[in-house]
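Trainee: based on what follows, work out the 3D shape:
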Amino acid sequence: MLILQAAKIESSFTEWADIGDELKPYATAYRYPGDLIEPSIREFQHARKSAEKLVNFVLSRLPKTVHP
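Mentor: From the prediction side, this is the model:
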């Protein structure tokens with residue numbers, strides 16, 4: 001997992017490992033609609049908030065010159 005690789009450089013990333021595990025299906029299982037079970041709106045909204053927090057954490061560790 002990318003978060004654990006980042007934790008080798010910046011230990012504070014380890015705090016985000018559970019969030020990474022929670023978000024993994026959105027990059028894999030839920031990536032393409034179809035026969036697979038899709039998350040509910042509530043699950044999606046929770047995952048979106050978690051992802052936004054993770055992005056903000058990552059950005060807080062980067063120089064402002066590389067922020068989008």
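Trainee: so for the residue lying closest to Phe57 once chain neighbours are set aside, what pLDDT did the model give?
Mentor: Nearest residue to Phe57, sequence neighbours excluded (Cβ to Cβ, 6 or more residues apart in numbering): Trp16, at 6.5 Å. Bear in mind the C-beta positions are built from the backbone N, C-alpha and C, glycine included. With respect to pLDDT, Trp16 scores 95.
Trainee: let me know the secondary structure of Trp16.
Mentor: helix (DSSP: H, G, I helix; E, B strand; the rest coil).
Trainee: let me see the contact set for it.
Mentor: Ile3, Leu54, Phe57 (Cβ atoms under 8 Å, 6 or more residues apart in numbering).
Trainee: cool, and Glu10?
Mentor: Arg61.
Trainee: now it. Its backbone dihedrals?
Mentor: As for Glu10, its main-chain torsions (degrees, to the nearest 10) stand at phi -130, psi 100.
Trainee: from Gln45, how far out is Ala17?
Mentor: Distance from Ala17 to Gln45, counting by Cβ to Cβ, to the nearest Å: 22 Å.
Trainee: nope, Ala29 is what I meant
Mentor: Plainly put, Ala29 is 18 Å away from Gln45 if you go by Cβ to Cβ.
Trainee: low pLDDT regions in this protein?
Mentor: Along the chain, segments meeting pLDDT under 70 span 33-35.
Trainee: so where do the helices sit in it?
Mentor: Under the criterion DSSP state H, the chain carries helices at the ranges 2-7, 17-27, 41-61.
Trainee: and Thr14, how many neighbours?
Mentor: Around Thr14 there are 13 other residues, counting by other Cβ atoms under 10 Å.
Trainee: closest one to His67 among the helices of the chain?
Mentor: Closest to His67 of the helices of the chain, according to Cβ to Cβ: helix 41-61, at 5.7 Å.
Trainee: what residues does that closest one touch?
Mentor: In contact with helix 41-61 (Cβ under 8 Å, 6+ apart) are residues Glu10, Ser12, Trp16, Ile19, Gly20, Glu22, Leu23, Tyr26, Pro39, His67.
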